[in-house]
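*Asks:* Need a 3D model of the following:
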Amino acid sequence: MRDEKTIIEYWTESTLLKKRGWSKGRIAKLLKNPDKLVPNPHYRTAPKMRLYAQSRVLAAEASPEFVTFNRAFDWLTVAVTP
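*Replies:* Below you'll find the predicted structure:
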């Protein structure tokens with residue numbers, strides 16, 4: 001019988017910011033530390049990339065605090081849009 005490892009999928013901090021509607025403050029408050037730090041593949045001297053486990057991000061997005069924040073943000077966006 002093979003010892004199969006569980007594959008963990010990660011999202012970068014920039015993915016959370018640009019595609020999933022997070023802010024840096026919300027990341028710091030709900031996710032705190034990244035699950036993994038890896039060298040930046042594009043720029044060797046750049047800071048390490050922060051990776052967050054998808055399962056942890058999805059759990060945080062389902063939390064009442066995140067849902068409330070998104071509803072408030074959606075309302076603000078609608079109120080400001082001309």
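*Asks:* From now on I want contacts and neighbour counts done on CA atoms only, so please keep to that.
*Replies:* Noted.
*Asks:* could I get stretch 19-31 in CSV with only the CA atoms?
*Replies:* What follows is stretch 19-31, C-alpha atoms only, in CSV (Å, rounded to 0.1, in the frame of the first residue of the first chain):
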residue,chain,number,x,y,z
LYS,A,19,-9.1,38.1,-7.1
ARG,A,20,-10.8,37.2,-3.9
GLY,A,21,-11.6,40.6,-2.4
TRP,A,22,-9.3,40.6,0.6
SER,A,23,-7.4,43.5,2.0
LYS,A,24,-4.0,43.4,3.8
GLY,A,25,-5.7,44.3,7.1
ARG,A,26,-8.2,41.5,6.7
ILE,A,27,-5.4,39.0,5.9
ALA,A,28,-3.5,40.1,9.0
LYS,A,29,-6.6,39.9,11.2
LEU,A,30,-8.2,36.6,10.0
LEU,A,31,-5.3,34.6,8.5
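*Asks:* mind listing the strands for this protein?
*Replies:* 10-12, 36-38, 49-53 (DSSP state E).
*Asks:* And for the second one, what's in contact with it?
*Replies:* Strand 36-38 is touched from outside by 48, 49, 50, 51, 52, with contacts defined as CA atoms under 8 Å, 6 or more residues apart in numbering.
*Asks:* what residue lies at the spatial centre of the chain?
*Replies:* residue 16 (3.8 Å; CA atoms, centre = their mean).
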